[in-house]
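Novice: Build me a model from this:
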Amino acid sequence: MPGRSWFVAAGDKQEGPYSEDEFRDLIARGSIKPDTYVWADGMQDWKYAGDIPGLLSGGVAPPAIPRPGASVPSANGDPSGGSFSIDIGIWEMLGRALVFVIGFLLVVPAPWVAASFYGWIVSRIHVPQRGYLGFTGKPLDIWYVFVGLALMTYVGLLGIPYLEYLLFPVQAYLSWMTVRWVMANITSEGRPLQISFDGSPWVYIGWYLLMALSFITIIGWAWVVVYWMRWICANIGGTRRAISFNATGLEVLWRTLVFSIGCVLIIPIPWVMSWYTRWYVSQFSAEERLA
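Specialist: Numbers count the residues shown, from 1 in each chain. Next up is the predicted model:
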């Protein structure tokens, strides 16, 4: 749209308006990068410059023809996929995790701390070609699920033999309900994405049980995590792009061990928690579905 005015986010301030020619000059000088927030007349919300079709592209040679099974470029020339990322502060992550744990230990606040924590995490996730996500889940949507999960943290204190094992499938089912709730409440640019989790609760419970049993093998749990996550991704509906989990069992194993050692040493907890979360989120990607 010729003649429109552009604005650029520089930290907490906005700069502009820039004319189209001035804005293109900033791009040419490298002042506008793919992760620079920009806004122009006619746009509903601020976007990363790299997420606006054709904005940063130039007269370059076409990319190599994709290999079979690789992601396919979209019709407007933009890459159709890429890894997720998450923007979290080290201390904010630690603080929210502590509030989450304390809220569950107190049981009654569990629905509120859960909704707050999941909403915060989702809102920090950036998806290629879509920007940052949003979340509309409310504490009372499935309050009984979070209260039930919180109460189960005290099952071992009752001293009833085998009770925690008998309730394990119930815990798995409540976890399945949580995943469905989170997926159903994800938004983008203020609009519901209408994403759904269509995985069977019985299969989910099976994965939950397999995860518990895999600890007997010492290291097998890492591969269970990988294939469980891939199964979850394969059962996400309502999106034109396929979601995948790309980590290997070995990567999950050694990174989780480093994370666990850091937690045992206490002092490194804020750093290893942030490091592990960033890496884990980056293993999810959205790719164009191949016909």
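
Novice: Could you list the low-confidence segments of the stretch 51-200 of the chain?
Specialist: 57-81 (pLDDT under 70).

Novice: And the helices in it?
Specialist: Secondary structure of the stretch 51-200 of the chain, counting by DSSP state H, counting those that start in this stretch: helices at 90-105, 110-123, 143-151, 163-166, 168-184.

Novice: Confirm I243 sits in a strand?
Specialist: Yes. Applying DSSP: H, G, I helix; E, B strand; the rest coil, one finds I243 inside a strand.

Novice: What's the mean pLDDT across stretch 244-258?
Specialist: Mean pLDDT, computed over stretch 244-258, is 96.

Novice: Buried residues of it, list them for me.
Specialist: S244, F245, A247, G249, V252, L253, R255 (16 or more other C-beta atoms under 10 Å). (Glycine included, C-beta is placed from N, CA and C.)

Novice: swap in stretch 153-163?
Specialist: For stretch 153-163, by 16+ other C-beta under 10 Å, it's V155.

Novice: so how far is that stretch off the chain centroid?
Specialist: 33 Å (C-alpha atoms, centre = their mean, to the nearest Å).

Novice: distance between the ends of it?
Specialist: 12 Å (C-alpha to C-alpha, to the nearest Å).

Novice: just checking, L174 touches V145?
Specialist: Yes. L174 is within contact range of V145, at 5.0 Å (criterion: C-beta atoms under 8 Å).

Novice: residues near the nearest residue to V107 once chain neighbours are set aside, how many?
Specialist: Leaving out its chain neighbours, the residue that sits closest to V107 by C-beta to C-beta, 6 or more residues apart in numbering is A150, at 4.4 Å. The tally of other residues near A150 (other C-beta atoms under 10 Å) stands at 20.

Novice: heads up, I number from 138, so please use that
Specialist: Got it, the first residue is 138 from now on, which makes the last one we talked about A287.

Novice: wait, what's in contact with A287?
Specialist: By C-beta atoms under 8 Å, 6 or more residues apart in numbering, the residues touching A287 are G240, F241, L242, L243, V244, A247.

Novice: what does S312 give?
Specialist: Residues near S312 by C-beta under 8 Å, 6+ apart: L286, Y341, Y345.

Novice: go on, M289?
Specialist: Neighbours of M289 in contact, by C-beta under 8 Å, 6+ apart: E301, L304, V307, Q308, L311.

Novice: Q308 versus the first one, what's the distance?
Specialist: As judged by C-beta to C-beta, to the nearest Å, E301 and Q308 stand 9 Å apart.

Novice: Out of the buried residues of stretch 381-395, name the ones that lie in helices.
Specialist: G386, V389, L390, R392 (DSSP state H).

Novice: And the residues you listed, which two are furthest apart?
Specialist: The largest separation in these, counting by C-beta to C-beta, is between G386 and R392 at 11.0 Å.

Novice: Could you pull out the strands in this structure for me?
Specialist: 143-147, 150-155, 174-177, 184-185, 219-220, 222-223, 262-264, 268-272, 323-325, 328-329, 333-334, 373-374, 378-382, 421-425 (DSSP state E).

Novice: I'd like to know which of these lies nearest to R317.
Specialist: strand 333-334 (4.8 Å).

Novice: Relative to Y255, how far out is the closest residue to G219 other than its chain neighbours?
Specialist: Once flanking residues are discounted, G219 sits nearest to P265: 3.6 Å by C-beta to C-beta, 6+ apart. Separation of P265 from Y255 (C-beta to C-beta): 22 Å.
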